[in-house]
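Peer 1: I'd like to go over a predicted model; first the sequence, then the structure.
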Amino acid sequence: MTSISSTSRNTVNTDSNTVASDKAANTTKPDLSKTPTLDPYSKSSFEMASVKTVDTFANRPVASHPSPDQLKSDFHGLKPGTPSANQTGQINNAADMAQYVFAGYNGGKYGPVSIAPATIHQGGKDKQAYLVGISGTEGVPNQSTGWITNFKAGFMVNNPGLRNAKDAIFRSVPEGSNLVLAGHSQGGMIAQQLAADPDIKKHYNVVDTETFGSPLVNAGQREGEVHRIAARLDPVPQLSAQSVMLMPWARVGQQNVGTDSLNGITTHNNAYVNPQNSGMTAMDALGRQSPKERATITFDPNDRTFFTSPTKTKAPY
C-alpha cells in the first residue's frame, strides 16, 4: 500500500514527544444518575436510558452502554472474525483510534459520541485520560450528523453536534480530567471545535486531538496537540472555510497517508480504519509521526458510554 508521509503537523502549544501534564485526572466510571458540578440542568432533565427508550428523550443526549460485541468490528482491511479496537480495548496506532471513532456509525442506535476512561502509556509511564470519539456525517432522522451541521462546523459556528458533545463531556467526565479527542469527517471538525472551546479549556486539559478525513477549523485556538490525518484522494479535508482560505498552510499542517482506492469517497470511508495502511499504523495512538517514544492507549470496552446527538437539542452551550 502506498504511504505518503509528512513531517509537518498541525500543533498548537505542545511538546510533540511528551503527553501534557495532568489536571487531577480521574478515570472512575461516571455515575450518570448524579448531577455533576458543571451541569446547568436539574437532575431530572437528564436520565440514563436504554437504547429502547431513546425517543423518549429526543431533545437531550441519551446515554447507553452497549456491549463490545454490539459495536462495529467489520472494518476494511481487518480479517473477518478479528476483533477491532472496540472489542480489545487496545489502541496501538492511528488505525486503531479510527476504529474507536467509527463505532459511532451505528445508525443512531447508540449515537455518534462515545466516552471511555483510558490510560495513555508512553515511555514506561501511565497517564489517565478520557477518550472522546465522535463519528461524522450519517443520515439518521433526528440526529445532528447531517449536512447542516457540516456547514456550521465548517464555518466554525455553534451547532447541535458541538453542543451535544459538550453536554456529554460535562455530564460524564470529572472536572480537571485529561481529554483525548478524536473524530472522523464532521466529527473531526467538532473535535477541533471542542479543543478550541473556552468552557472545555477552562474545565479540562485537552492533551491531544486526532482527526481523520476532516477539514481544518479553529486554527490557532485549539489546546493541546492537533493531528489532522488526510488520505490521498480524500476530498473532504479541503471542505471548510479555513481549509480554503488558508490552503497552503492547511495542507502543510495535515499528515498525509496513502489509500488502496482510486475513489475519493471510498478512501474517505475506508483508508483510516485499515490496519494494513502503513501510513496509519506508522503513527502512534495519539496520531504522532515518528515520536521519540510511541504512545499506546488502553480502555475497558465494557466501561464506555455512548451518547445520542439530537438535532433539536436543548443543550445550553
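Peer 2: Noted; the coordinates are in hand. Residues are numbered from 1 along each chain as shown.
Peer 1: low-scoring stretches of the protein, by residue?
Peer 2: Filtered on pLDDT under 70, the chain yields the residue ranges 1-58, 248-252, 316-317.
Peer 1: That one: helices as residue ranges?
Peer 2: Remark: helices assigned in the chain by DSSP state H are 85-88, 94-102, 147-154, 160-172, 186-196, 198-203, 241-245, 247-253, 264-270, 278-281.
Peer 1: nearest to residue 228, of those?
Peer 2: Among these, the nearest to residue 228 by Cβ to Cβ is helix 247-253 (6.4 Å). (Glycine included, C-beta is placed from N, CA and C.)
Peer 1: ok, back up a step: what about the helices of the chain, which gets the closest to residue 213?
Peer 2: Nearest of the helices of the chain (Cβ to Cβ): helix 264-270, 5.0 Å.
Peer 1: ranges for the strands of this protein?
Peer 2: 63-64, 90-91, 113-122, 125-134, 178-184, 205-212, 225-231, 255-257, 295-299, 305-307 (DSSP state E).
Peer 1: Tabulate those strands (CSV), appending distance to residue 74.
Peer 2: As requested, these are exported to CSV (distance: least, Cβ to Cβ, whole Å):
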stretch, distance to residue 74
strand 63-64, 21
strand 90-91, 18
strand 113-122, 18
strand 125-134, 17
strand 178-184, 16
strand 205-212, 18
strand 225-231, 19
strand 255-257, 21
strand 295-299, 21
strand 305-307, 18
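Peer 1: I'd like the ones you listed laid out as a markdown table, including mean neighbour count and distance to residue 145.
Peer 2: A markdown table is the format used below for the strands of the chain (neighbours: other Cβ atoms under 10 Å; distance: least, Cβ to Cβ, whole Å):
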| stretch | mean neighbour count | distance to residue 145 |
| --- | --- | --- |
| strand 63-64 | 22 | 17 |
| strand 90-91 | 21 | 23 |
| strand 113-122 | 23 | 10 |
| strand 125-134 | 23 | 9 |
| strand 178-184 | 29 | 11 |
| strand 205-212 | 29 | 15 |
| strand 225-231 | 28 | 20 |
| strand 255-257 | 24 | 24 |
| strand 295-299 | 22 | 23 |
| strand 305-307 | 25 | 12 |
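Peer 1: Residue 159 is nearest to which of these?
Peer 2: Nearest to residue 159, of the strands of the chain and by Cβ to Cβ, is strand 125-134 at 12.2 Å.
Peer 1: ok, and what's touching that closest one?
Peer 2: Strand 125-134 is contacted by residues 19, 22, 25-27, 100-101, 103-104, 112-120, 161, 165, 168-169, 172-173, 177-184, 187-188, 190-191, 194, 207, 297, 299 when judged by Cβ atoms under 8 Å, 6 or more residues apart in numbering.
Peer 1: Measure how it sits relative to strand 295-299, angle-wise.
Peer 2: 70 degrees (axes from the mean of the first three to the mean of the last three Cα atoms, to 10 degrees).
Peer 1: Figure out how far strand 125-134 is from the centre of its chain.
Peer 2: Strand 125-134 sits 11 Å away from the centroid of its parent chain (Cα atoms, centre = their mean, to the nearest Å).
Peer 1: got it, and stretch 142-158?
Peer 2: Taking Cα atoms, centre = their mean, the mean C-alpha location of stretch 142-158 is offset from the chain mean by 16 Å.
Peer 1: got it, and stretch 79-96?
Peer 2: Stretch 79-96 sits 16 Å away from the centroid of its parent chain (Cα atoms, centre = their mean).
Peer 1: what comes up buried for it?
Peer 2: Within stretch 79-96, the residues scored as buried using 16 or more other Cβ atoms under 10 Å are 84-89, 91-96.
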